[in-house]
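Participant: Sequence below, structure please.
(4 chains)
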There are 2 protein chains.
Amino acid sequence: MYVRYLEELDTQGQKTASSDELAHLCGTTPAQVRKDLSFFGSFGKRGLGYPVHELTAHLRQILGLEREWKVVIVGAGKIGAALANYRGFRQRGFKIVGVYDNDPTKIGKPWGEAIVHDMADLARDIQREEAPIAVLAIPSDDAQDVVDRLVGAGIRAILNFAPAQITVPPHVSLKSVNMAMELEGLSFALTNSLPSRGVA
Amino acid sequence: MYVRYLEELDTQGQKTASSDELAHLCGTTPAQVRKDLSFFGSFGKRGLGYPVHELTAHLRQILGLEREWKVVIVGAGKIGAALANYRGFRQRGFKIVGVYDNDPTKIGKPWGEAIVHDMADLARDIQREEAPIAVLAIPSDDAQDVVDRLVGAGIRAILNFAPAQITVPPHVSLKSVNMAMELEGLSFALTNSLPSRGVA
DNA sequence: CTAACTTTGTGAAGTATTTCACAAGCCACC
DNA sequence: GGTGGCTTGTGAAATACTTCACAAAGTTAG
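Facilitator: Predicted coordinates for the structure are as follows:
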């Protein structure tokens, strides 16, 4: 989050930013900003704030954003399509090296800049391309099966959009995004008139 | 999360579930399950566990999932398309009452079961339909503008997919999902060989 | 009915996270 | 070069969250 806003400030030509300013941008508190950043090092100058450009570079380094990550998308449905075309991924250094599906009517068809590959080739291609990250956009029922195959092929991280509980071995990182559950969280907030922080 | 798995158990005809069983399903601990549930009431029977069907109903009540929520989707791009067609929303009681865009080449065109409406009508329709929830799938640059208009029209909750920082008044609930940021989290985990919980 | 076994609900203990508050450092101006 | 006004970095305090551990309550079997 800090990287996002620091890059914006950098583009605008701002040289330094105080913890107070970053806190307002990110919807948190100045103390939180200072604690967070101090965890990784001592980047700021007292009386002045944090050097925007330099701090951005430091954080990008820490987050591993200086390199390009190869990503495969599994599932050529609507969500897969949205993700494959999402410019934000490419902009931020994630290169989509393949889209996979097991639907024979989709395999071989063009798909944006790429074509849809057969899921049967997934394991081979992951190893050949050394793609460490997979984005999962398939129905829940198949999710764990596909994950097991990905893990077997040596995948190291998975971003899961299927609304299913999934398990992976400890050396594989997993993040799940469940859109219906996000809406249900809002339903709870509406039902119980929870105050919002006003920021997200 | 509990609702999701309880519904599954209910469908399978299971009458009761222990905190231990729920914990395994949800990737947490039995103590956590008991604490979470006890926050809302005392639902379980000692020696037996929680009554699956009854607990589901209780939780759905608490979460406000017993009613139907009307939802508008703003932005008829790829992400909007994926969301509009996402069956999970409808299945879980969220009814999409309209899709809006400001692109003249899209307005009036069919869009799944609905047609794309002009964003100019958004405020009027929200008031007429009394749709309390909006899903935002538009470019970041326009996000805050559109949010302000939604708030002005009386929207009460917003699920935002634009990678932008957005502010709303305290009476409006806001949740943001930033897909690139999720990937960046995985990048950090890979770069730093963080162990995963193995579950999500 | 009793005894052995389960499982909840919950204070208390243990961790983790956030906020406070202030010394120390840096800049700018005179 | 000294002084005043900012702002960081960070221990300590406060708060939040998770886990422990066990009495109480229910179930099952004989």
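
Participant: gap between the residue nearest to A:Arg34 when sequence neighbours are not counted and DNA strand D?
Facilitator: Spatial nearest neighbour of A:Arg34, excluding adjacent residues (C-beta to C-beta, 6 or more residues apart in numbering or on different chains): A:Ser19 at 4.8 Å. In short, each C-beta sits where N, CA and C put it, glycine included. Taking C-beta to the nearest atom of the strand, to the nearest Å as the measure, A:Ser19 falls 4 Å from DNA strand D.

Participant: Show the contacting residues for A:Ser19.
Facilitator: Going by C-beta atoms under 8 Å, 6 or more residues apart in numbering or on different chains, A:Ser19 touches A:30-31, A:33-34, A:37, A:44, A:49-50.

Participant: which one of the residues you listed sits closest to DNA strand D?
Facilitator: Proximity of the contacts of A:Ser19 to DNA strand D (C-beta to the nearest atom of the strand) peaks at A:Gly44, which lies at 2.9 Å.

Participant: can you pull the pLDDT of that closest one?
Facilitator: We have a pLDDT of 96 for A:Gly44.

Participant: what sits opposite the closest residue to it other than its chain neighbours in the beta ladder?
Facilitator: Spatial nearest neighbour of A:Gly44, excluding adjacent residues (C-beta to C-beta, 6+ apart): A:Tyr50 at 4.5 Å. On the basis of DSSP bridges, A:Tyr50 is bridged to A:Ala17.

Participant: residue contacts, A:Tyr50?
Facilitator: Contacts of A:Tyr50 (C-beta under 8 Å, 6+ apart): A:16-19, A:22, A:37, A:43-44.

Participant: Out of those residues, who's the most crowded?
Facilitator: For these, neighbours were counted using other C-beta atoms under 10 Å in any protein chain shown, and A:Leu22 has the most, 25 neighbours in all.

Participant: ok now do it, which residues does it touch?
Facilitator: Taking C-beta under 8 Å, 6+ apart, we find A:Leu22 in contact with A:2, A:5-6, A:30, A:33, A:50.

Participant: So it: helix, strand or coil?
Facilitator: Three-state assignment for A:Leu22 (DSSP: H, G, I helix; E, B strand; the rest coil): helix.

Participant: With chain B in mind, check whether the helix or strand of chain A with the lowest mean pLDDT reaches it.
Facilitator: Ranked by mean pLDDT, DSSP states H and E, the weakest helix or strand in chain A is strand A:110-111, scoring a mean of 82. No. Using C-beta under 8 Å from any C-beta of the partner chain, strand A:110-111 never reaches chain B; the gap is at least 12.0 Å.

Participant: how about the residues of chain A near DNA strand D?
Facilitator: A:18-20, A:30-31, A:34-35, A:37-38, A:42-50 (C-beta under 7 Å from any atom of the strand).

Participant: among those residues, which are in reach of DNA strand C?
Facilitator: A:31, A:34-35, A:45-48.

Participant: most surrounded residue in those?
Facilitator: Of those, A:Arg34 is surrounded by the most neighbours, 17 neighbours in total, counting by other C-beta under 10 Å.

Participant: which stretch of helix or strand covers that residue?
Facilitator: A:Arg34 belongs to helix A:30-40 when assigned by DSSP states H and E.

Participant: Go ahead and flag the most central residue of chain A.
Facilitator: When C-alpha atoms, centre = their mean is applied to chain A, the residue found nearest the centroid is A:Leu159 (7.2 Å).

Participant: For the contacts of A:Tyr50, which two are the farthest from each other?
Facilitator: Comparing every pair within the contacts of A:Tyr50 by C-beta to C-beta identifies A:Thr16 and A:Leu37 as the most remote, at 13.3 Å.

Participant: which phi and psi does the residue nearest to the centre of chain A have?
Facilitator: Per-residue torsions, A:Leu159: phi -110, psi 110 (degrees, to the nearest 10).

Participant: hey, where'd the helices end up in chain A?
Facilitator: For chain A, the helices defined by DSSP state H cover A:2-11, A:19-26, A:30-40, A:52-63, A:78-85, A:87-91, A:122-129, A:140-152, A:179-191.
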